[in-house]
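**Q** Structure for this input, please:
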Amino acid sequence: MEFVEIEWNSKLYTLEIELRDRLLRAPLGLTFSSEELEAESTELHFALVDQDQVRACAVIVPLSRNLAKLRQMAVHEDYQRQGLGSMLIHSIESVLKQRGFQKIELNAREEAVTFYERLGYHAAGDRFMEVGIGHWKMHRQLG
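**A** Numbering: from 1, shown residues only. This next block holds a predicted model:
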């Protein structure tokens with residue numbers, strides 16, 4: 001399994017979009033608009049790749065010089081519960097730290113809160129609704 005940064009609009013980006021769409025968007029009746037995909041050109045895309053296939057991925061939105069937001073994390077159905085999510089998060093955090101980011105935040109779906117807590121993330125504020133499901137804002141200091 002290789003950790004890579006994906007170039008926007010590349011072949012791997014297309015595979016990333018397919019995975020995120022299938023696991024995160026389609027179950028909620030959502031699809032990517034061309035405007036949403038265009039906006040992703042300024043974001044950072046990371047993945048774990050095996051045999052030229054995206055097995056896990058996440059998007060990072062730089063919010064300031066030292067704050068980044070993780071969003072749209074997905075792990076292929078056949079690879080869940082095998083440590084890929086943790087491996088991806090640790091790799092992303094390492095890269096962000098090297099690039100000067102000091103804090104990472106995310107909006108965790110309710111079923112993912114425990115996963116992020118095990119990785120050192122802390123919930124802040126109250127539960128809120130996003131795309132029709134419960135979420136918690138979470139954060140972690142890098143360093």
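**Q** ok, Leu88 - how many residues close by?
**A** Using other CB atoms under 10 Å, Leu88 has 23 other residues around it. Bear in mind the C-beta positions are built from the backbone N, C-alpha and C, glycine included.
**Q** Contacts for whichever strand or helix holds it, please.
**A** Leu88 is part of helix 84-98, with elements assigned from DSSP states H and E. Residues outside helix 84-98 that contact it (CB atoms under 8 Å, 6 or more residues apart in numbering) are 1, 3, 5, 46-48, 55-58, 60, 68, 70, 73, 75, 104, 115, 118-119, 140, 142-143.
**Q** Buried subset of the residues you listed as a ChimeraX selection?
**A** Only the buried entries of these go into this ChimeraX selection, using 16 or more other CB atoms under 10 Å:
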select :3,46,47,48,55,56,57,58,60,68,70,73,75,104,140,142
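**Q** Next step: the contacts of helix 84-98 restricted to strands.
**A** Per DSSP state E, strands hold the following members of the contacts of helix 84-98: 3, 5, 46-48, 55-58, 60, 68, 70, 73, 75, 104, 140.
**Q** May I have the distance across stretch 35-48, first residue to last?
**A** For stretch 35-48, the first-to-last residue distance is 26 Å (CA to CA, to the nearest Å).
**Q** Buried ones in it, by neighbour count?
**A** For stretch 35-48, by 16+ other CB under 10 Å, it's 40, 44-48.
**Q** residues in contact with it?
**A** For stretch 35-48, the external contacting residues (CB under 8 Å, 6+ apart) are 1-9, 12-13, 16-17, 54-62, 68, 84, 87-88, 91-92, 95.
**Q** ok now the helix holding Leu88, how far from the chain's centre?
**A** How far helix 84-98 lies from its chain's middle: 10 Å, per CA atoms, centre = their mean, to the nearest Å.
**Q** Same check on stretch 68-86?
**A** 7 Å.
**Q** Which of the three states applies to Ser41?
**A** Using DSSP: H, G, I helix; E, B strand; the rest coil, the structure places Ser41 in helix.
**Q** scratch that, Arg22
**A** Three-state assignment for Arg22 (three-state DSSP): helix.
**Q** Return the residues in contact with it.
**A** For Arg22, the contact set (CB under 8 Å, 6+ apart) is empty.
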